[in-house]
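> Compute the structure for the input listed below.
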Amino acid sequence: MSRGGPEAIRRILRQSTSSDGTLTVESLSRELLKEGYEEPTAEQVIGSAELEGILIRKGPESWAWL
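Coordinates of the predicted model:
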């Protein structure tokens, strides 16, 4: 995460969010790889965002912004 920092990760989170406001592990993984990130994983980013109160789980594999 040090390469782009938290701002880059938040930008990638936004880019991974669909037009209906849903974020999935699959969409985030795809964007992270497109940006050249192998670490942190999509699961790690989502977990951190949940702890920080940025995202809330919407379903088994989906999250929404708070």
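> For the rest of this, base every contact and every neighbour count on C-alpha atoms.
OK.
> got the contact list for the residue nearest the centre of the chain?
For the chain, L13 is the residue whose C-alpha lies nearest the centre (C-alpha atoms, centre = their mean; 3.9 Å). Contact analysis of L13 by C-alpha atoms under 8 Å, 6 or more residues apart in numbering lists 23, 28.
> so what's it scoring on pLDDT?
With respect to pLDDT, L13 scores 97.
> May I have whichever helix in the chain runs longest as PDB, with CA atoms only?
Counting residues, the longest helix found in the chain (DSSP state H) is helix 5-16. In PDB, the C-alpha atoms belonging to helix 5-16 read as follows (Å, rounded to 0.1, in the frame of the first residue of the first chain):
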ATOM      1  CA  GLY A   5      -0.900   5.200   0.000                       C
ATOM      2  CA  PRO A   6      -4.400   5.300   1.400                       C
ATOM      3  CA  GLU A   7      -5.600   7.900  -1.200                       C
ATOM      4  CA  ALA A   8      -4.800   5.500  -4.000                       C
ATOM      5  CA  ILE A   9      -6.600   2.600  -2.300                       C
ATOM      6  CA  ARG A  10      -9.700   4.800  -1.800                       C
ATOM      7  CA  ARG A  11      -9.600   5.800  -5.400                       C
ATOM      8  CA  ILE A  12      -9.400   2.100  -6.400                       C
ATOM      9  CA  LEU A  13     -12.300   1.300  -4.000                       C
ATOM     10  CA  ARG A  14     -14.400   4.000  -5.700                       C
ATOM     11  CA  GLN A  15     -13.500   2.700  -9.200                       C
ATOM     12  CA  SER A  16     -14.500  -0.800  -8.100                       C
END
